[in-house]
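# Below are the sequence and a predicted model for it; my questions follow.
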Amino acid sequence: VQLVETGGGLVQAGESLILSCVGSGRTFHTYSLAWFRQAPEKEREFVAVSSPIATTVEYSDAVKGRFTIARDNAKNMVYLQMRNLKSEDTAVYYCAATENWSTHLRRTDSYSVWGQGTQVTVSS
């Protein structure tokens with residue numbers, strides 16, 4: 001599978017934004033899909049993950065209650081709805097995929113497929 005993210009941009013604090021990630025291939029529905037982000041001079045960090053049929057989703061404490069991950073396997077799409085954005089949400093956001101569901105899905109090394117990233121900038 002290959003992944004391409006879209007939807008990034010510049011927004012004001014408190015506003016909302018939806019990121020999209022489209023995947024290629026007929027096995028998209030078998031992958032766990034996640035969003036990570038990387039701010040300048042910081043390590044890439046976990047944001048959210050969805051199991052293959054979205055029966056299980058997890059969020060980082062930093063975004064819980066503000067962000068929602070959703071997927072549409074019929075369209076090979078995964079989304080990240082971001083509400084009440086803060087300046088600290090500024091980062092490049094990456095979509096990632098793995099064929100495994102494990103207890104390590106908050107780690108970057110659990111993922112074998114990554115998109116190219118999309119920039120989100122939140123001005124205060």
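Sure thing, it's come through. Numbering: from 1, shown residues only.
# what residues are up against the residue nearest the centre of the chain?
Taking Cα atoms, centre = their mean, the centroid of the chain lies closest to residue 35, which sits 2.0 Å from it. By Cβ atoms under 8 Å, 6 or more residues apart in numbering, the contact list for residue 35 reads 19, 21, 47-49, 67, 69, 78, 80, 93-96. Bear in mind the C-beta positions are built from the backbone N, C-alpha and C, glycine included.
# for residue 47, same thing?
Counting by Cβ under 8 Å, 6+ apart, residue 47 has contacts 34-37, 59-60, 62-63, 67, 80, 93.
# Report how many residues lie close to residue 37.
Per other Cβ atoms under 10 Å, the neighbour tally for residue 37 reads 24.
# any idea how far residue 8 is from it?
11 Å (Cβ to Cβ, to the nearest Å).
# list the helices and strands the helix or strand that contains residue 95 packs on?
According to DSSP states H and E, residue 95 maps onto strand 91-98. In terms of contacts (3 or more Cβ pairs under 8 Å, 6 or more residues apart in numbering; DSSP states H and E), strand 91-98 is packed against strand 3-6, strand 17-23, strand 32-38, strand 113-114, strand 118-123.
# Quick check: can you name the pairing partners of the very next helix or strand once past the third one and their directions?
On the C-terminal side of strand 32-38, the nearest following helix or strand under DSSP H and E is strand 45-50. Take DSSP bridges as the rule and strand 45-50 pairs in its sheet with strand 32-38 (antiparallel), strand 57-59 (antiparallel).
# Of all those, which one is nearest residue 14?
strand 32-38 (18.6 Å; Cβ to Cβ).
# Show me what counts as buried in the closest one.
32-37 (16 or more other Cβ atoms under 10 Å).
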